[in-house]
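A.B. asks: sequence unavailable; structure follows:
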Ligand SMILES: [Zn+2]
């Protein structure tokens, strides 16, 4: 009789929920993780305030997520203790650090795209998909940062908004969209304002999850190196980037209408992400998660101050200067 080695692994939804409920209260403030970027939460509140939106999201999630999960189950390799065991270990460590249940990770055979994404719904354990190119190009430390980032999406309940955003912004699989009843009617009411709100939220959510990546990383330098590789395909050219000079460049850009070109991007400009990482490196919340990184001579800022600084350059509509 052949024994399936993955039988010993409890990846059931029940186990996922039990683990999550046990440790969910740690580091939470009013149901939101203490490291979450303020703009992420504010924009979700704004999205929720639009009439009928939440019900619509629930419907989208109900149809889209199981469909997408089946797709990835079919076309990807499931990570486990005997399959990509190092990645399996990374997933466990990140989940343990953030206090969430262990998600199922899949490797998608794709040597052309550096990408990772998450699907999560209320009725099954979330999945994280990483492309094989990501494994080729990133160091193990950087890959762990990516998995930590994706676990951040789960920790912050981004799933339902991510699914809705992918439909509204038309980035979901066409086949999946066709399954959603009444969708075409709803999409008729989606104005440019709503689309921009979603783009703004998606970018803000990335800042939250880069912070989760930092919390889960082996060393803090991996976070910006990973963003540089994802944004530019390499990190070497950015090794000696003068952050202060770059901040000035962002300030100049923000003072002109050119800044609106960022409106329809799903991720903040790479250098803005790196800048947001730098701000979080000096935020006291990081060291409540990673006390071993704290040095006596560190000049730390509060979470409120860190968020204020990040909002000033992450929000595309803001004309505030990043440095005074
Ligand atoms: Zn993300």
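C.D. replies: Thanks, I have the structure now. Because the structure is predicted, anything quoted here is derived from the model rather than measured.
A.B. asks: mind giving me the packing neighbours of the longest helix along the chain?
C.D. replies: Using DSSP state H to define each element, the chain has its longest helix at helix 192-216. If contacts are counted by 3 or more C-beta pairs under 8 Å, 6 or more residues apart in numbering; DSSP states H and E, helix 192-216 sits against helix 38-49, helix 85-98, helix 140-155, helix 159-168, helix 221-232, helix 270-281, helix 284-289, helix 303-314. Using the backbone N, CA and C atoms, a C-beta is placed for each residue, glycine as well.
A.B. asks: that one: which residues count as buried?
C.D. replies: Going by neighbour count (16 or more other C-beta atoms under 10 Å), the buried part of helix 192-216 is 195, 197-216.
A.B. asks: show me where pLDDT drops low in the stretch 51-200 of the chain?
C.D. replies: Applying pLDDT under 70 to the stretch 51-200 of the chain flags residues 123, 171-179, 181.
A.B. asks: any idea how far residue 288 lies from residue 160?
C.D. replies: Applying C-beta to C-beta, to the nearest Å, the value for residue 288 to residue 160 is 28 Å.
A.B. asks: those two: which is more packed in?
C.D. replies: residue 160 (20 against 14; other C-beta atoms under 10 Å).
A.B. asks: verify the stated contact: the more buried one with residue 59.
C.D. replies: No - Residue 160 lies out of contact with residue 59 (C-beta atoms under 8 Å); the separation is 10.4 Å.
A.B. asks: residue contacts, the residue positioned nearest the centre of the chain?
C.D. replies: The centroid of the chain falls nearest to residue 209 when counting by C-alpha atoms, centre = their mean (4.0 Å). Residue 209 is in contact with 149, 150, 152, 153, 156, 158, counting by C-beta atoms under 8 Å, 6 or more residues apart in numbering.
A.B. asks: are any of those residues buried, and which?
C.D. replies: Applying 16+ other C-beta under 10 Å to the contacts of residue 209, the neighbour count classes 149, 150, 152, 153, 156, 158 as buried.
A.B. asks: which residues sit in contact with the first one?
C.D. replies: Shown in contact with residue 149 (C-beta under 8 Å, 6+ apart): 116, 209, 210, 212, 213, 216, 226.
A.B. asks: most tightly surrounded among the helices and strands packed on helix 192-216?
C.D. replies: helix 140-155 (a mean of 26; mean count of other C-beta atoms under 10 Å).
A.B. asks: which among the helices and strands packed on helix 192-216 is found nearest to residue 184?
C.D. replies: Nearest to residue 184 among the helices and strands packed on helix 192-216 is helix 159-168 (11.0 Å), distances taken as C-beta to C-beta.
A.B. asks: wait, residue 35 sits on residue 208?
C.D. replies: Yes - at 7.3 Å, residue 35 and residue 208 qualify as touching, with contact defined as C-beta under 8 Å.
A.B. asks: which strand runs longest in the chain?
C.D. replies: strand 124-131 (DSSP state E).
A.B. asks: that one: which residues count as buried?
C.D. replies: In strand 124-131, counting by 16+ other C-beta under 10 Å, buried: 125, 126, 127, 128, 129, 130, 131.
A.B. asks: gap between that strand and the chain center?
C.D. replies: Distance of strand 124-131 from the chain centroid (C-alpha atoms, centre = their mean, to the nearest Å) equals 12 Å.
A.B. asks: for residue 167, give me its contacts.
C.D. replies: Neighbouring residues of residue 167 by C-beta under 8 Å, 6+ apart: 60, 64, 177, 180, 183, 187.
A.B. asks: re earlier: nearest to residue 41 among the buried residues of strand 124-131?
C.D. replies: Of all the buried residues of strand 124-131, the one with the least separation from residue 41 (C-beta to C-beta) is residue 126, at 19.9 Å.
A.B. asks: now the closest one: closest residue in space that isn't a chain neighbour?
C.D. replies: residue 120 (3.6 Å; C-beta to C-beta, 6 or more residues apart in numbering).
A.B. asks: just checking, what packs against the strand or helix carrying that neighbour?
C.D. replies: Residue 120 is part of strand 116-121 when elements are defined by DSSP states H and E. In terms of contacts (3+ C-beta pairs under 8 Å, 6+ apart), strand 116-121 is packed against helix 53-75, strand 124-131, helix 140-155, helix 159-168.
A.B. asks: among the ones you listed, which comes closest to residue 279?
C.D. replies: Closest to residue 279 of the helices and strands packed on strand 116-121 is helix 140-155 (C-beta to C-beta; 16.4 Å).
A.B. asks: circling back: in CSV: the buried ones among the contacts of residue 209, plus distance to residue 42.
C.D. replies: Formatted as CSV, those follow (distance: C-beta to C-beta, whole Å):
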residue, distance to residue 42
149, 21
150, 23
152, 17
153, 18
156, 13
158, 14
